[in-house]
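>>> predicted structure and sequence below. I'll ask about it afterward.
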Amino acid sequence: MGADLLRRGTVLVASYLAGSLPLTNVASRRVSGVDLRDVGNGTVSGTGLYSVTGFRILAVVGCMELAKGAAGPLLAGRERPWLAAAAGGAAVTGHNWSPFLGFAGGRGVAPALGASLVTAPEGSALLAAGLGLGRLAGETAIGCFLSICAMPWVLGRRRGAVGWATGLALAVPMLVKRVVGNGPVPSRSAAVYLYRLVLDRDTLRTCRETRVERADGRSNRAPLAWKSIRMRRERPSALSQAPLSRHVLRRV
């Protein structure tokens, strides 16, 4: 009994630590010298990584993000579905509140996709559909929100109590992170919390954009911070050469 509890605890801790690895931020700093906590709304996410490195780096790191979400459920094994459900939730929690980033992090979508690929593939399909339809409609945040909310119900209908547990373990940390974010709430009003939950921003209107100069000399656009982007100069990347000796974030 004691040995089994130790093994279960080891799986959960390993899942949390795997999820907490800030791979997107490491890639951003190595390639472009930019800390994603200083870009846009401060979310350490694939969107932020794309804005400073482009699609090729995003594709590679995105696969690694899926893998870190799948690691815990794979360790748990199919014969222990309840532990696999908890391990998936631990990976998403680690991603959203990483000790390596001062308990900042992303929104947990990538590790949730990876975890559900192992525990409930229909959950991954649901999340992907929400992201895709939201993108087509011009509101990815709303599409993602609807798919997250539907996940426990869909998995519960298909897999019973274990499905409900799996869906809730993944959905709850993602929804909580949308509300609390990585920074202080500008106004403690119900409207702001509702905007954060549904729209993943602090206002009803879409935030402005900032142009991010990349190491290759090109630039992408990224959302401006909820309050204002923290302007700072970065050390030159090891991959960047003159004439672009500094990476600068500037508004346009």
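Structure's in. What do you need? Note that this is a predicted model, so its numbers are computed, not measured. Residues are numbered from 1 along each chain as shown.
>>> thought residue 181 was touching residue 195?
No. Contact between residue 181 and residue 195 fails when scored by C-beta atoms under 8 Å: they sit 11.0 Å apart. Yep, even glycine has a C-beta here, placed from its N, CA and C like the rest.
>>> show me the contacts for residue 178.
By C-beta atoms under 8 Å, 6 or more residues apart in numbering, the contact set of residue 178 is 107, 145, 196-197, 200.
>>> kindly format the C-alpha coordinates of stretch 102-119 as CSV.
As requested, the backbone C-alpha atoms of stretch 102-119 are provided in CSV (Å, rounded to 0.1, in the frame of the first residue of the first chain):
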residue,chain,number,x,y,z
GLY,A,102,8.1,32.7,-10.7
PHE,A,103,4.7,30.8,-11.0
ALA,A,104,3.8,32.6,-14.2
GLY,A,105,3.0,30.6,-17.3
GLY,A,106,0.7,29.9,-20.2
ARG,A,107,-2.9,29.0,-20.5
GLY,A,108,-2.4,25.2,-20.6
VAL,A,109,-3.9,24.4,-24.0
ALA,A,110,-0.9,22.6,-25.4
PRO,A,111,-0.2,20.3,-22.5
ALA,A,112,-4.0,19.7,-22.3
LEU,A,113,-4.0,18.6,-25.9
GLY,A,114,-1.1,16.3,-25.2
ALA,A,115,-2.6,14.8,-22.0
SER,A,116,-6.0,14.2,-23.7
LEU,A,117,-4.3,12.5,-26.6
VAL,A,118,-3.3,9.8,-24.2
THR,A,119,-6.4,9.7,-21.9
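>>> quick check: buried residues in that stretch?
For stretch 102-119, the neighbour count (16 or more other C-beta atoms under 10 Å) marks 104-119 as buried.
>>> mind listing which of those residues are in helices?
109-119 (DSSP state H).
>>> ok, the residues you listed vs residue 55, which is closest?
If you rank those by distance to residue 55 using C-beta to C-beta, residue 110 comes first, at 15.0 Å.
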